[in-house]
Each structure stands twice: as structure tokens, then as C-alpha cells.
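A.B. asks: quick check, what structure comes out for this input:
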Amino acid sequence: MSGYDVEKVKSGQRTNTICLLILACVAVGVSLYMLAPVLVPFVLALFFTYCLTPLIDFQQSRLKFPKMLALVVTALLGVLILVITGGVVLATVRQMSENGGAYQVQIAKLFERIAAAVPIQKLGLDPNEVAESLKKLPQMALRGILPAIVDSSMSVISNGALVVIFMLFILMGRSPMVDKNDNILNEIESRVKKYIISKVLVSMITAALVWLTLWLLKVDFALVFGVLAFVLNFIPNVGSAIATLLPLPIVILSPEHTILAKFAAILIPGAIQLIMGNIVEPKIMGETLDLHPITILLTLIFFGMIWGIPGMFLATPITAVIKIILERSSSGKAVAEVLAGRLDALKRVKKGSLE
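C.D. replies: Coordinates of the predicted model:
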């Protein structure tokens with residue numbers, strides 16, 4: 001066989017491999033989407049298991065609690081945190097409904113200032129009709145928000161029961177990690193646990209600073225915005241931006257705040273998110289994940305599309321686990337290097353020199 005024929009065969013094999021890889025990715029994506037009702041609670045249970053194992057291990061090793069007692073204490077602590085969080089959310093919804101009239105007045109005043117600065121008649125709009133529509137906006141928003149909150153709460157409760165069942169079985173069947181056995185499961189548990197502990201620590205500090213800033217500036221619902229800053233910090237990049245912009249409508253519609261205070265209520269939390277996310281968090285985590293920001297963003301979009309908001313929370317640890325598995329495979333090392341942003345691995349693959 002001539003050199004031309006050999007090269008043609010290799011080219012055909014590469015084409016077949018790429019086509020099979022594309023088909024496999026599509027099949028995996030469809031499978032993940034179709035199995036979401038089962039996979040999402042299971043992966044969430046794994047995630048919460050890694051969150052709780054340090055506390056359980058502490059009770060067993062330091063306090064000498066039996067395994068079942070440690071599980072019960074941890075479960076009660078988790079329920080207490082959920083009850084407190086739910087109470088804060090319900091109190092906020094109640095306060096928002098009570099303050100709807102005040103926000104309605106502020107929207108009307110804001111529209112009057114905008115109408116004075118911008119002649120909306122030239123845009124073909126009737127100022128009186130627009131003003132009436134804006135006056136009804138808070139009530140319409142509350143009528144839409146409250147049923148959505150109830151539906152979301154019921155969905156969380158139903159999925160939460162399945163998550164708890166999965167989590168209890170995982171914790172009851174879990175054996176302590178043995179450091180001397182250097183296997184892939186221990187590496188996954190070690191890296192994911194370090195990521196979660198670091199993320200929880202950074203999120204708690206961020207949430208406390210955001211809450212303190214908004215509280216000192218006397219912004220309504222400061223505690224809720226602090227809790228949301230903690231939760232949204234688990235969504236890389238996008239979550240911190242959303243948490244910074246959430247107080248914006250409340251701040252704008254608050255008549256007691258000066259222009260300087262309104263700017264401070266947005267800029268200071270934004271600066272906190274920026275410093276914690278780009279300076280403090282990388283120093284704490286180090287090379288725990290070793291993922292390129294573009295990789296994190298793309299996986300965030302992908303899992304958000306197939307699993308919704310839970311997928312956005314789980315995208316980063318899932319990608320980290322996939323990377324660990326690929327690193328242990330001789331044929332997957334190049335892909336793991338690409339996920340870390342080291343594109344020169346592709347050149348080494350062509351030369352057959354990837355170690």
C-alpha cells in the first residue's frame with residue numbers, strides 16, 4: 001500500500017472517530033436531559049453528602065459519636081438551617097406584599113421624573129396610560145411572583161424528599177476515606193470536598209460582607225440579599241453578577257436614600273464580589289479544580305440548558321470529576337489538558353509525545 005493510501009485511510013479513521021464522538025456527545029446530552037428527574041436529585045445528594053461528611057467525620061473522630069447519632073445530629077442541623085432560610089424568605093415575601101403600595105408610589109414618581117426629562121409623546125405613547133400601567137406594576141408583579149414561589153417551593157419539597165432519601169443511603173453506606181489507597185475515588189472525594197469547603201467558606205464571607213454593607217446603608221431586605229449572595233456564589237461568574245444586581249430595583253425605589261447611597265449600595269457589593277471571586281477564592285482553592293474559565297462557562301451553559309438552575313450549581317464539580325477521570329486515562333489526558341486551558345496538548349498529541 002502506497003503512502004498516499006495509508007494517509008487516506010488514517011484521514012478516514014479520524015473522520016469516523018470525530019463523527020462517532022459527536023454522536024456520542026449528542027446521545028449523552030439527550031440521555032442526561034431525559035433522565036434529569038432521577039439524575040438531578042442523585043447528583044444533588046452526592047453534592048450535599050460531600051458538604052456534610054466533614055461535619056459527620058468530626059463528630060465521629062473528635063466527639064466519638066456513633067455513626068447513627070452523628071447522622072441524626074447532622075440531619076437535624078440541616079433541617080434547622082432550611083427552616084430558618086424558609087422563614088427568612090416567607091418574611092421577605094410578606095414584607096414585599098405589605099410595601100407594595102409604597103413601591104407603587106415611588107414608581108409613579110420615578111416615571112414623572114423620566115417623563116419630564118424624556119418627551120415620550122414623540123414615541124407615540126400616552127403618558128397617562130403608561131403612568132397607570134406602571135402604577136399597577138407592583139401588584140401585577142406580586143400576583144405573578146407569589147404563585148411562582150409556591151410552585152417552586154412544592155417542587156423543591158418533592159425533589160428534596162428524593163434528595164434526602166438518596167443522601168441518607170449514601171451516608172449510611174459510606175466508609176471513611178483511606179488516604180493510603182491512592183485511587184480515583186479518593187482523589188475525586190478529596191478534590192470535590194476541598195472545593196465545596198472552600199466555596200462554602202468564601203460564600204459565607206461574601207454573604208456576610210454584602211449583608212453588612214446593605215444593612216449599614218439601610219437597604220430593605222438586606223438579610224435576604226445576603227442569603228442570595230451566598231447561594232448564587234455557587235454559580236461561577238454569573239451568580240455573583242446576579243447577586244450584585246438584585247438589590248438594584250429596591251435601591252432605586254427607596255426615597256430615603258441619597259444618590260451617593262444608591263451608588264454605594266451597588267458598587268460596594270460589586271467590589272466585594274469582584275475581590276472575593278478573583279483574588280481571595282483562587283488563593284484559597286489553589287489548583288483544586290484546574291479548569292479554564294472558558295471551560296467553566298461552557299459547562300455552566302450546557303448543564304443549565306439540560307438541568308436548569310440545579311445544573312448550574314452542579315456544573316463545576318461535575319466537570320472537575322470528569323477531568324479527574326480523563327487524567328487517569330491514557331486516551332483522555334489530552335482532553336483533560338484542554339479542559340485546563342493547556343491547548344498545546346493538542347500539538348503534542350499530533351506528535352505522539354503527550355505524557
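
A.B. asks: give me the neighbour count for residue 47.
C.D. replies: Number of residues near residue 47 (other Cβ atoms under 10 Å) recorded here: 20. Quick note: C-beta positions are derived from backbone N, CA and C, even for glycine.

A.B. asks: let me see the mean pLDDT of the one helix or strand it maps to.
C.D. replies: In this structure, residue 47 is located in helix 36-61 according to DSSP states H and E. Model confidence over helix 36-61 averages 84 on the pLDDT scale.

A.B. asks: enumerate the positions of that helix that are buried.
C.D. replies: With burial defined by 16 or more other Cβ atoms under 10 Å, the residues of helix 36-61 counted as buried are 36, 39-41, 43-53, 56, 59-60.

A.B. asks: go on, stretch 15-34?
C.D. replies: So, applying 16+ other Cβ under 10 Å, buried residues of stretch 15-34: residue 32.

A.B. asks: repeat that for stretch 209-227.
C.D. replies: The neighbour-count criterion (16+ other Cβ under 10 Å) identifies 209-211, 213-214, 217, 219-222, 224-227 as the buried residues of stretch 209-227.

A.B. asks: CA atoms only: put that stretch into PDB for me.
C.D. replies: C-alpha atoms of stretch 209-227 as PDB (Å, rounded to 0.1, in the frame of the first residue of the first chain):
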ATOM      1  CA  LEU A 209     -20.000  41.400  53.900                       C
ATOM      2  CA  VAL A 210     -22.800  42.000  51.400                       C
ATOM      3  CA  TRP A 211     -25.400  41.900  54.200                       C
ATOM      4  CA  LEU A 212     -23.400  44.200  56.500                       C
ATOM      5  CA  THR A 213     -23.000  46.700  53.700                       C
ATOM      6  CA  LEU A 214     -26.600  46.800  52.700                       C
ATOM      7  CA  TRP A 215     -27.700  46.800  56.400                       C
ATOM      8  CA  LEU A 216     -25.400  49.800  57.200                       C
ATOM      9  CA  LEU A 217     -26.900  51.600  54.100                       C
ATOM     10  CA  LYS A 218     -30.400  50.700  55.400                       C
ATOM     11  CA  VAL A 219     -31.500  48.900  52.300                       C
ATOM     12  CA  ASP A 220     -34.700  46.900  52.600                       C
ATOM     13  CA  PHE A 221     -34.400  43.100  52.600                       C
ATOM     14  CA  ALA A 222     -30.600  43.300  53.300                       C
ATOM     15  CA  LEU A 223     -30.600  39.800  55.000                       C
ATOM     16  CA  VAL A 224     -32.400  38.200  52.000                       C
ATOM     17  CA  PHE A 225     -29.900  39.700  49.600                       C
ATOM     18  CA  GLY A 226     -27.100  38.400  51.800                       C
ATOM     19  CA  VAL A 227     -28.600  34.900  51.700                       C
END
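
A.B. asks: quick check: the spatially most central residue of the chain vs residue 326, distance?
C.D. replies: By Cα atoms, centre = their mean, the mean C-alpha position of the chain lies nearest to residue 235, the distance being 2.5 Å. Residue 235 sits 24 Å away from residue 326 when distances are taken as Cβ to Cβ, to the nearest Å.

A.B. asks: and if you look at residue 76?
C.D. replies: Residue 76 sits 39 Å away from residue 326 when distances are taken as Cβ to Cβ.

A.B. asks: more neighbours: which of those two?
C.D. replies: For residue 76 versus residue 326, neighbours defined as other Cβ under 10 Å are more numerous around residue 326 (17 against 10).
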